[in-house]
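Engineer: no sequence on this one, just coordinates:
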């Protein structure tokens, strides 16, 4: 569907002259669970004072989030520029005349350019509409597919390439690995010395196995190396949380001060933050 290829943009960051680009910036990556707890999300991001924010599962015109443009509301509150790409059309959250979506958003205090969507070739059939399911919210029937949102943040004379990922939650690790491989393959189109951030909800522990090997071979550095903490809260006795949200870097940047903000309860994922130092 052509509507799913649309990338929406907005500019709320005040214009400024940059005589000396910063040596470091703050970055947050967070699956915000549609934006259901919007005030809590904005409050945390305002306190984090990040220069670059990568969000997954942001709603647009969905009934469950009061038909708000969640990304625009966050960007306006934080005075940041933003881009938003549609992952799925949520069939039970809107109407034909007024469709609802959710997807990935990248916010920046700097201009965002060279916007692209990588719609993964392999997808799960789990979300597709089925004739035998009633058209009600619990079944989450959708049109679309998992993706990565690619954008360049122009930080003075420096350009930082960002890959904002959301890998499939329904399916096996082989499916998620194939989606990750597409992103890694795409990253090779950038110059060898280009600073790159690859972050988001991987729905996968990539600290070991084939995923870890693929990332290491592509020279991506785990920003949370040897400091892994569960990025989702425990819900039931047998669900003690998982490590499925990640930030990786490559090129002339060094991640420092990694933190999983486990005291933040505004989503079913915890936000991750790091400082990126340009080298």
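Structural biologist: Nice, I can see it. In this text, all values refer to a predicted model and were calculated from it rather than measured experimentally. Numbers count the residues shown, from 1 in each chain.
Engineer: Pull up the pairing partners for the helix-or-strand element of the chain with minimal mean pLDDT, direction included.
Structural biologist: Within the chain, confidence by mean pLDDT, DSSP states H and E is lowest for strand 142-144 among all helices and strands, at a mean of 90. Neighbouring strands of strand 142-144 in its sheet, by DSSP bridges, are strand 81-90 (antiparallel).
Engineer: so after the partner strand, what's the next helix or strand?
Structural biologist: Once strand 81-90 ends, the next helix or strand along the chain (criterion: DSSP states H and E) is strand 101-108.
Engineer: pLDDT (mean, whole number) over whatever helix or strand comes next after that next one?
Structural biologist: Next in sequence after strand 101-108, counting helices and strands by DSSP H and E, comes strand 112-119. Mean pLDDT, strand 112-119: 97.
Engineer: tell me which residues of strand 112-119 are tucked away?
Structural biologist: For strand 112-119, the neighbour count (16 or more other C-beta atoms under 10 Å) marks 112, 115, 117-118 as buried. Bear in mind the C-beta positions are built from the backbone N, C-alpha and C, glycine included.
Engineer: can you check stretch 105-113 too?
Structural biologist: For stretch 105-113, using 16+ other C-beta under 10 Å, the buried residues are 105-110, 112.
Engineer: and if you look at stretch 153-164?
Structural biologist: Result for stretch 153-164 [16+ other C-beta under 10 Å]: buried residues 153-155, 158-164.
Engineer: how about these in CSV, adding distance to residue 31 and secondary structure?
Structural biologist: Below are those laid out as CSV (distance: C-beta to C-beta, whole Å; DSSP: H, G, I helix; E, B strand; the rest coil):
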residue, distance to residue 31, secondary structure
153, 20, strand
154, 26, strand
155, 25, strand
158, 27, strand
159, 26, strand
160, 21, strand
161, 21, strand
162, 16, strand
163, 15, strand
164, 11, strand
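Engineer: Of the residues you listed, which is the nearest to residue 216?
Structural biologist: residue 163 (16.6 Å; C-beta to C-beta).
Engineer: Could you find the closest non-adjacent residue to that closest one?
Structural biologist: residue 198 (4.4 Å; C-beta to C-beta, 6 or more residues apart in numbering).
Engineer: where are the low-confidence patches of the chain?
Structural biologist: 1, 17-19, 127, 129-140, 236-239 (pLDDT under 70).
Engineer: Quick one: the strands in it, in order.
Structural biologist: Under the criterion DSSP state E, strands of the chain are mapped to 7-10, 24-34, 52-60, 81-90, 101-108, 112-119, 142-144, 147-155, 158-166, 196-201, 221-222, 245-250, 253-260, 272-278.
Engineer: right, and those - which one's nearest residue 126?
Structural biologist: Of the strands of the chain, nearest to residue 126 by C-beta to C-beta is strand 142-144, at 9.2 Å.
Engineer: Contacts made by stretch 158-166 with the rest, please.
Structural biologist: 21, 25, 29, 31, 52, 54-57, 87, 104-106, 146-153, 180, 183, 186-187, 190, 194-203, 253, 276, 278 (C-beta atoms under 8 Å, 6 or more residues apart in numbering).
Engineer: do that again at 7 Å, thanks
Structural biologist: 21, 54, 56, 87, 104, 106, 146-153, 183, 187, 190, 194-202, 278 (C-beta atoms under 7 Å, 6 or more residues apart in numbering).
Engineer: Check stretch 15-28 too.
Structural biologist: Counting by C-beta under 7 Å, 6+ apart, 45, 48-53, 155-158, 197, 271-278 sit against stretch 15-28.
Engineer: Could you tell me which of these count as buried?
Structural biologist: Using 16+ other C-beta under 10 Å, the buried members of the contacts of stretch 15-28 are 45, 48, 50-53, 155, 158, 197, 271-276, 278.
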